[in-house]
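**Student:** let's see this in three dimensions:
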Amino acid sequence: MQNKFTDDYSVITFATNKLTYALFALNCAQSVVIHNDIKVFIVSNLDFLIPARFQKNIFIIPAKAEHIPLGIEIKMHIDQYLQTTHTLFIDSDCICFGDLHEVFDAAKGQDVTVAGNIVPSENWCGTEQAETIKTHFGLDKLIRFNGGIFYFKRSALTTIIYDKAREIAKDYDAYGFHRNNNSVNEEGLLSIAMMLNHQQSIPDNGRVMTDMHTDLRPRTINVLTGARVMRNPAYPSPHHRAWYPAQYSPLVLHFGSGNLNAYPYRSQSLLIKLWIMGVPVALATIFVSIFIHFPYRTYHWLIGLLKKLKTSF
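**Tutor:** Now for the predicted structure:
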């Protein structure tokens, strides 16, 4: 069942330069529309078709010529593409599993916000970087977050926040920020800009969005039914997150580029394709369980067993 939104609300994502990114963005957009009757805008310079079933909800808007060479740094310009009063940016390597009203409601009162927690700067970026941030910006706390999802209100303050982030980016290397594949990472810059402009975060308890850090192979995951359960291994596992419960169910799962060929993402991509073809949800679920989940899980179980046997001799 789709959850209806007015025309004041939308979702936006990006897919520039590579057709692979367009396929990811389409999966993301389609997963949103499966659960939400909302407009989704894909910013792109690529030529690809929106399936007929989604054409009343999903739209392509052209990327500005000056932004096309930026790659992932185009996220530093999201404010220039907002189409509605209230917008969620969702990264193209994400899948949506439910009603996004919860996120919009949690963001009320903010102009730019994320699912994150305010923590001492060194807890997120290390002592040296924290000292630099304290010296130049007077901040000893930051919003720790994953940039897979943002909320934006189309406003003057949103522009001010992004202008500040872009200003900091001009001296990105001089400030000692870490590059992501030689590109500017927007998270630290926007965290500083949000804190300087008194924006509050949506508490990150795993409910809004998470990545695959705690659970690379979720046992329960189905984009069509909305079923998803992520495990948070107990401390001292290196995958433990103290701010998450032992099990949690995110509305949006951020797979990350390193997991897009792994079976959890492939299974969700296939479920969406089968749904577009008109295959009943129950039948699509059975098909994916037999031909994706079972063989891949069996493979990983056997690999784990062989490793245990090897260490026992």
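
**Student:** who touches the helix ranked longest in the chain?
**Tutor:** Counting by DSSP state H, the longest helix found in the chain is helix 294-312. Under the criterion CB atoms under 8 Å, 6 or more residues apart in numbering, residues 217, 263 lie in contact with helix 294-312. Using the backbone N, CA and C atoms, a C-beta is placed for each residue, glycine as well.

**Student:** do a quick rundown of the helices in this structure.
**Tutor:** Under DSSP H, the chain gives helices at 19-35, 101-106, 121-125, 127-137, 156-169, 186-196, 263-276, 281-288, 294-312.

**Student:** could I get the helix or strand of the chain with the lowest mean pLDDT in CSV with only the CA atoms?
**Tutor:** Least confident helix or strand, the chain: helix 294-312 with a mean of 85, by mean pLDDT, DSSP states H and E. C-alpha atoms of helix 294-312 as CSV (Å, rounded to 0.1, in the frame of the first residue of the first chain):
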residue,chain,number,x,y,z
PHE,A,294,19.6,-19.9,-0.7
PRO,A,295,22.6,-20.5,-3.0
TYR,A,296,24.4,-17.4,-1.8
ARG,A,297,23.8,-18.1,1.9
THR,A,298,24.8,-21.8,1.4
TYR,A,299,28.0,-20.6,-0.2
HIS,A,300,28.9,-18.2,2.7
TRP,A,301,28.0,-20.9,5.2
LEU,A,302,30.4,-23.4,3.5
ILE,A,303,33.1,-20.8,3.4
GLY,A,304,32.7,-20.1,7.1
LEU,A,305,32.7,-23.8,7.9
LEU,A,306,35.9,-24.4,5.9
LYS,A,307,37.6,-21.5,7.7
LYS,A,308,36.6,-23.0,11.1
LEU,A,309,37.9,-26.4,10.0
LYS,A,310,41.2,-24.9,8.8
THR,A,311,41.8,-23.1,12.1
SER,A,312,41.0,-26.3,14.1
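
**Student:** point out where this structure drops to low pLDDT.
**Tutor:** Applying pLDDT under 70 to the chain flags residues 1, 312-313.

**Student:** still on that earlier bit, got CSV for the helices of the chain, with distance to Pro203 and mean neighbour count too?
**Tutor:** CSV is the format used below for the helices of the chain (distance: least, CB to CB, whole Å; neighbours: other CB atoms under 10 Å):
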stretch, distance to Pro203, mean neighbour count
helix 19-35, 22, 22
helix 101-106, 8, 16
helix 121-125, 16, 19
helix 127-137, 22, 15
helix 156-169, 20, 17
helix 186-196, 15, 23
helix 263-276, 25, 20
helix 281-288, 32, 15
helix 294-312, 33, 10
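
**Student:** Gly147 is nearest to which of the ones you listed?
**Tutor:** Nearest to Gly147, of all these, is helix 186-196, at 4.7 Å by CB to CB.

**Student:** before we move on, the earlier item: turn the helices of the chain into a markdown table, columns for distance to Gly256.
**Tutor:** Shown next, in a markdown table, are those (distance: least, CB to CB, whole Å):
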| stretch | distance to Gly256 |
| --- | --- |
| helix 19-35 | 11 |
| helix 101-106 | 20 |
| helix 121-125 | 18 |
| helix 127-137 | 22 |
| helix 156-169 | 22 |
| helix 186-196 | 13 |
| helix 263-276 | 9 |
| helix 281-288 | 21 |
| helix 294-312 | 18 |
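
**Student:** nearest to Tyr244 among the ones you listed would be which one?
**Tutor:** Nearest of the helices of the chain (CB to CB): helix 121-125, 15.4 Å.

**Student:** with adjacent residues omitted, what lies nearest to the most centrally placed residue in the chain?
**Tutor:** For the chain, the residue nearest the mean C-alpha position is Gly148 (2.5 Å; CA atoms, centre = their mean). The shortest distance from Gly148 to any non-neighbouring residue, by CB to CB, 6 or more residues apart in numbering, is to His254 (3.6 Å).

**Student:** one step back: what's the closest of the helices of the chain to Gln80?
**Tutor:** Nearest to Gln80 among the helices of the chain is helix 156-169 (8.0 Å), distances taken as CB to CB.

**Student:** tell me the angle of the closest one relative to helix 186-196?
**Tutor:** When axes from the mean of the first three to the mean of the last three CA atoms, to 10 degrees is applied, the directions of helix 156-169 and helix 186-196 differ by 130 degrees.

**Student:** chain center to helix 156-169: distance?
**Tutor:** 21 Å (CA atoms, centre = their mean, to the nearest Å).

**Student:** quick revisit: determine which of the helices of the chain approaches Arg241 most closely.
**Tutor:** That would be helix 121-125 among the helices of the chain, by CB to CB, at 12.4 Å.

**Student:** show me what that closest one is packed up against.
**Tutor:** Contact analysis of helix 121-125 by 3 or more CB pairs under 8 Å, 6 or more residues apart in numbering; DSSP states H and E lists helix 127-137, strand 141-145 as its packing neighbours.

**Student:** Throw those into CSV and include distance to Ala156, thanks.
**Tutor:** Listed next are those as CSV, based on distance: least, CB to CB, whole Å:
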stretch, distance to Ala156
helix 127-137, 21
strand 141-145, 21
